[in-house]
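In: heads up, no residue letters with this:
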Ligand code: NDP
């Protein structure tokens with residue numbers, strides 16, 4: 001039976017470490033402020049935004065909240081981002097995604113100063129990751145690297161298969177695993193023989209957004225399985241992209257849903273905020 005990789009516990013450890021770091025920075029007169037912008041009132045986004053504000057409070061940085069109405073124009077949003085880019089008291093800027101359909105997500109991401117882009121979505125930060133330069137890294141993949149390292153999973157030289165190639169999870173995940181010297185395969189909806197490819201993985205990272213798609217027969221005996229997916233059913237029960245009961249009998253280590261990757265995303269966002277303070 002697989003050992004559980006406890007994301008809740010590891011994220012709590014990281015937040016404690018960050019809290020201590022922030023206290024030290026404060027002694028040197030360095031304060032941190034994260035600006036969080038939400039357009040519209042999508043309930044799921046409101047939950048995420050509140051969790052982020054709470055995490056800021058916990059580690060000891062300020063959060064400035066901008067709750068804008070659904071009908072906010074792209075120009076109005078860009079003007080606010082420009083003001084925050086130029087506000088020296090703000091170190092980090094985050095626009096909660098998705099934005100309403102009349103606003104172009106790419107334009108918004110590109111408008112945030114790369115130096116304040118704590119989500120790590122700006123093309124300049126993605127480019128830095130690609131060529132191994134310093135920059136903000138997308139929080140969910142960065143969190144997965146922490147989960148692996150803090151669970152003593154050896155990465156260098158291992159076969160890693162990443163299922164999914166989205167800009168926020170799959171692609172940066174593959175780049176980070178490459179940086180850690182894994183041999184990386186990226187798969188997607190057009191991959192031929194996906195099951196066969198997955199069965200080669202020592203470390204299988206799944207981010208496809210399809211509930212319990214990865215069954216036991218996709219998993220090599222003893223593999224480490226990381227499940228990024230989040231799906232909520234009508235009874236509010238959460239499940240991942242991996243069929244957990246089948247996976248846990250084959251894997252050596254596995255992340256549960258909930259309590260695996262999910263809690264790490266906010267911890268790494270806080271890590272990026274602290275990094276922004278020190279730059
Ligand atoms: P996207 O929908 O943006 O990307 C899904 C990827 O999976 C695409 O690259 C797609 O391929 C690929 N895919 C879809 N179907 C298949 C298939 N049958 N076989 C192989 N590949 C397939 O999703 P995200 O990356 O944004 O998110 C993935 C999951 O992770 C979601 O459940 C999401 O809710 C969750 N998530 C969780 C986070 C957390 O904090 N825990 C953070 C972010 C996301 P193609 O490119 O060819 O279309």
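Out: Good, I have the coordinates. Just so it is clear, the model here is predicted, and its values are computed rather than measured.
In: Could you pull up the residues touching the residue of the stretch 1-150 of the chain found nearest the ligand?
Out: Closest approach between the stretch 1-150 of the chain and the ligand, counting by C-beta to the nearest ligand atom: residue 140, at 4.2 Å. Every C-beta, even on glycine, is put in place using the N, C-alpha and C of the backbone. Applying C-beta atoms under 8 Å, 6 or more residues apart in numbering to residue 140 gives the contacts 168, 169, 173, 207, 228, 261, 264, 265, 268.
In: again with residue 226
Out: 5, 144, 147, 148, 203, 204, 205, 206, 254, 255, 260, 261.
In: What distance do you get for the last one to the ligand?
Out: For residue 261, the distance to the ligand equals 4 Å [C-beta to the nearest ligand atom, to the nearest Å].
In: just checking, that residue touches residue 225?
Out: No - Residue 261 is beyond contact range of residue 225, at 11.1 Å (criterion: C-beta atoms under 8 Å).
In: what is in contact with the two at once?
Out: By the contact definition C-beta under 8 Å, 6+ apart, residue 261 and residue 225 are jointly contacted by residue 255.
In: What segments of this structure are strands?
Out: 3-4, 33-39, 62-68, 92-95, 159-163, 183-187, 203-206, 224-227, 231-232, 238-239, 253-254 (DSSP state E).
In: Could you save these as JSON lines and add columns showing distance to residue 113?
Out: Below are these laid out as JSON lines (distance: least, C-beta to C-beta, whole Å):
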{"stretch": "strand 3-4", "distance to residue 113": "39"}
{"stretch": "strand 33-39", "distance to residue 113": "11"}
{"stretch": "strand 62-68", "distance to residue 113": "15"}
{"stretch": "strand 92-95", "distance to residue 113": "7"}
{"stretch": "strand 159-163", "distance to residue 113": "29"}
{"stretch": "strand 183-187", "distance to residue 113": "29"}
{"stretch": "strand 203-206", "distance to residue 113": "30"}
{"stretch": "strand 224-227", "distance to residue 113": "31"}
{"stretch": "strand 231-232", "distance to residue 113": "34"}
{"stretch": "strand 238-239", "distance to residue 113": "35"}
{"stretch": "strand 253-254", "distance to residue 113": "38"}
